[in-house]
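Engineer: only geometry, no sequence info:
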DNA sequence: TTTAGCACTCAGTAGCATAGAGTGCTAACA
DNA sequence: TGTTAGCACTCTATGCTACTGAGTGCTAAA
């Protein structure tokens, strides 16, 4: 694993140059551009070694070298220096998050847009998961003689609703009663605590409205249990088309067909692999989908009051500007966390 | 405008063949495949006429003919025969819509998915607009000493919510009072009827809570006025990549960059141009966006209880299967209308 | 009015030579 | 022992040419 200092410099030059140009890098280029103080011939020797060790590869004999997956990994783990955001970029993000927003969805959307604008790759954002949050309020609203809307509010501000069928003859007053009882009994509890015992208690109290109660409970359960909402904000996928590796339509197609399978992406976002300082970098095959090829993914969780509630991520070609994206993603999680907290808890403006 | 019978047949053959193959159509092909009972030479003469009149064009001298925009228009207006859906397709749609669904969003999503699956083009669906709907219920819920959530329910089942800041010291009871008054005064009214006079009345009654009332009213206004939500469901954009006209990356890029500007699409969806039997077909330039090239759009409104509340549409290359898509779009609006009605009004299962 | 025949046009493709980038190896050098 | 210059070699990319084939438009005959 330990590597000669000069080899590291050569590898770094190759990775950086390839990231910048998308062209295989030759020994002459390195000697000229990165002034290691040695001749191309020496660099060629180093390159031969690096290739033997698996850090770089050659598309064909008369071409320069490109980093292998292992090469990128070494770069990310040992060589890369964070590239901080420019003042303008930081300002752009901060500004956007200072503005008033209506709801969680909007914040998510904004974050996604920024992320893809700044990185020029695709962005993915998983909205706050509510699996372990607690129940805040339930409201039944009569919509029609035989229909009612159930609204469930979670204490983190998320909201779920559904229209259900109710037997005719249930009055608005009945609904108020049911809402009242449910609120009194369930408020502040997490799903784990809503045990059968408790349920029985409520059922007794509201025996007359068993049917409607069943439906309401179903929704509450759904809201509380639905772990991974399988919804995910995807943005800037089209940026990817500007990357030279996607000038080939076939590649674009496979990429996009994957991206449409949101579920799988969700899992990837949720799972934190080898995380370093909060940020996870997955390179090539490390994305455990045999179908995504030549892509890397950088993800990080954001939190509300220190509790991780969701993740954001950037998907780009393996030839990705890791140094930059890692910084952006990190900065974004901080801002997103803060914005979420402000919105939900009512701190600050 | 009147056209020779045989010319019509030739034009029809050219349009149909080009739609099917995406290759310029030659005189020999027409003579062989479409057996008009005349020789290629005769067809060549007809084709020369058709070209002169602007219905078809030639990419280059030694190629066959392709329909011009005007040619497609003539085809759609006078020649095309609806191609009804297959039994399987109808069943697929009906089945999907019979299933239980949670909310409007889900129905919309389902419709979009079906539309793009069946047509293999991109689908666009505008959710029900609430501009003129009436207010059903408002609920204030305390989330935190200085934050409350306002939930507004419209009588068509749409729901809007926002977290607002409230002065500390407002109790849950106060909120109940406010909710109560607002509900009593506003229920069933459309925005048009919520006039200043009425507002004053409420303000008097709730003078003590002016601030929070302002915020609540703001949300109600937003919910009621927000005409075009500018949200739109887009699906199956990636299908388009299978169309040979989009094998050129540049075209894909311009197409996709347009599609990202949802707002403009919204306007197109909302506006019904030359509508025939509920369905509007826009060919090429007729889509009033100078940037979308070589695309056609087929749109139709769906309704709830006879009132048009939204639109659905399909976007594809000008070389689109008009006959099929028109039928699909029409069939889909019917099903979507029914599903919406069922969900919101509580008819049927 | 229709058709057969024919010369003409032009995109696409295959073949071929050339240029250029980059390598690996060897031998000389510090 | 590590570094470098020189050189032969490999392989892609590019441009050129010739050829093929699809399809046309025109003319003259049926």
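Structural biologist: It's in. Note that the structure is a prediction, hence the values are computed from the model and not measured.

Engineer: Tell me where the stretch 1-150 of chain A has strands.
Structural biologist: Per DSSP state E, counting those that start in this stretch, the stretch 1-150 of chain A carries strands over the ranges A:56-57, A:66-67, A:122-125, A:135-144, A:147-154.

Engineer: so of these, which one's packed in deepest?
Structural biologist: strand A:122-125 (a mean of 26; mean count of other CB atoms under 10 Å in any protein chain shown). For every residue, glycine as well, the C-beta is placed using N, CA and C.

Engineer: List of residues touching that one?
Structural biologist: A:108, A:111-113, A:115-116, A:232-237, A:239-240, A:259, A:265, A:269, A:299, A:310-316 (CB atoms under 8 Å, 6 or more residues apart in numbering or on different chains).

Engineer: again, only using 6 Å
Structural biologist: Strand A:122-125 is contacted by residues A:108, A:111-112, A:115-116, A:232-237, A:240, A:265, A:312-315 when judged by CB atoms under 6 Å, 6 or more residues apart in numbering or on different chains.

Engineer: out of the residues you listed, which are inside strands?
Structural biologist: A:233, A:234, A:235, A:312, A:313, A:314, A:315 (DSSP state E).

Engineer: re the thing from before, among the strands of the stretch 1-150 of chain A, which is nearest residue B:200?
Structural biologist: Of all these, strand A:135-144 sits nearest to residue B:200, with 26.9 Å by CB to CB.

Engineer: ok, of the ones in strands among the contacts of strand A:122-125, which one's closest to chain B?
Structural biologist: Nearest to chain B among the ones in strands among the contacts of strand A:122-125, counting by CB to the nearest CB, is residue A:235 at 9.0 Å.

Engineer: list the contacts for that closest one?
Structural biologist: Residue A:235 makes contacts with A:112, A:113, A:116, A:123, as judged by CB under 6 Å, 6+ apart.

Engineer: Check chain A for me, the residue farthest from its geometric middle.
Structural biologist: In chain A, counting by CA atoms, centre = their mean, residue A:169 sits farthest out from the average C-alpha position, at 46.7 Å.

Engineer: so what pLDDT did that residue get?
Structural biologist: pLDDT, residue A:169: 74.

Engineer: where does the stretch 201-349 of chain A have low pLDDT?
Structural biologist: Within the stretch 201-349 of chain A, the stretches with pLDDT under 70 are A:206-213, A:215-230, A:290, A:344-349.

Engineer: that older thread, got the contacts of residue A:235 as a markdown table, with pLDDT columns?
Structural biologist: What follows is the contacts of residue A:235, written out as a markdown table (pLDDT from 0 to 100):
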| residue | pLDDT |
| --- | --- |
| A:112 | 95 |
| A:113 | 93 |
| A:116 | 95 |
| A:123 | 95 |
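
Engineer: which of the residues you listed come close to DNA strand D?
Structural biologist: Among these, no residue is within reach of DNA strand D (CB under 7 Å from any atom of the strand).

Engineer: what's the farthest-apart pair in these?
Structural biologist: So, the contacts of residue A:235 by CB to CB: farthest apart are A:113 and A:123, at 7.7 Å.

Engineer: So residue A:318 sits against residue A:297, correct?
Structural biologist: No. At 10.0 Å, residue A:318 and residue A:297 do not qualify as touching, with contact defined as CB atoms under 6 Å.

Engineer: Settle it for me: which of these two has more neighbours?
Structural biologist: A direct count of neighbours by other CB atoms under 10 Å in any protein chain shown for residue A:318 and residue A:297 places residue A:297 higher, at 27 against 24.

Engineer: got the contact list for the more buried one?
Structural biologist: By CB under 6 Å, 6+ apart, the contact set of residue A:297 is A:282, A:287, A:313, A:315.

Engineer: try 7 Å
Structural biologist: A:268, A:282, A:287, A:313, A:315 (CB atoms under 7 Å, 6 or more residues apart in numbering or on different chains).

Engineer: Quickly list what the second one is bridged to.
Structural biologist: By that I understand residue A:282. Applying DSSP bridges to residue A:282 gives these bridge partners: residue A:297.

Engineer: where does it sit relative to chain B, distance-wise?
Structural biologist: 23 Å (CB to the nearest CB, to the nearest Å).

Engineer: what about that residue, how many residues close to it?
Structural biologist: For residue A:282, the count of nearby residues is 20 (other CB under 10 Å).

Engineer: quick one: it from residue A:83, how far?
Structural biologist: Counting by CB to CB, to the nearest Å, the gap from residue A:282 to residue A:83 is 19 Å.

Engineer: Kindly report the same for residue A:313.
Structural biologist: 18 Å.

Engineer: cool, residue A:72 as well?
Structural biologist: Plainly put, residue A:72 is 16 Å away from residue A:83 if you go by CB to CB.

Engineer: surely residue A:135 meets residue A:185?
Structural biologist: No. Counting by CB atoms under 7 Å, residue A:135 stays clear of residue A:185, with 9.9 Å between them.

Engineer: now the end-to-end length of stretch A:246-265.
Structural biologist: 20 Å (CA to CA, to the nearest Å).

Engineer: about what we covered before: of the contacts of residue A:297, which is the nearest to residue B:249?
Structural biologist: Among the contacts of residue A:297, and counting by CB to CB, the member closest to residue B:249 is residue A:315, at 18.9 Å.

Engineer: and the gap between the closest residue to that closest one other than its chain neighbours and residue B:71?
Structural biologist: The shortest distance from residue A:315 to any non-neighbouring residue, by CB to CB, 6 or more residues apart in numbering or on different chains, is to residue A:122 (4.4 Å). In this view, residue A:122 and residue B:71 are 39 Å apart by CB to CB.

Engineer: And for residue A:238?
Structural biologist: Taken as CB to CB, the span from residue A:238 to residue B:71 is 31 Å.

Engineer: and those two? which has more neighbours close in?
Structural biologist: Per other CB under 10 Å, whichever of residue A:238 and residue B:71 has more neighbours is residue B:71, with 26 against 18.

Engineer: which residue is nearest the middle of chain A?
Structural biologist: Nearest residue to the geometric centre of chain A (CA atoms, centre = their mean): residue A:312, 2.5 Å.

Engineer: separation between that one and DNA strand D?
Structural biologist: 37 Å (CB to the nearest atom of the strand, to the nearest Å).

Engineer: Help me confirm that that residue comes into contact with residue A:334.
Structural biologist: No. Here residue A:312 does not reach residue A:334: they are 10.9 Å apart, not a contact under CB under 7 Å.

Engineer: mean confidence score for stretch A:145-160?
Structural biologist: 74.

Engineer: What parts of the stretch 101-250 of chain A come near chain B?
Structural biologist: With CB under 7 Å from any CB of the partner chain as the criterion, the stretch 101-250 of chain A comes near chain B at residues A:102-103, A:136-137, A:139, A:141, A:143-144, A:146-147, A:149, A:151, A:153, A:157, A:159, A:161-163, A:165, A:238, A:241, A:247, A:249.
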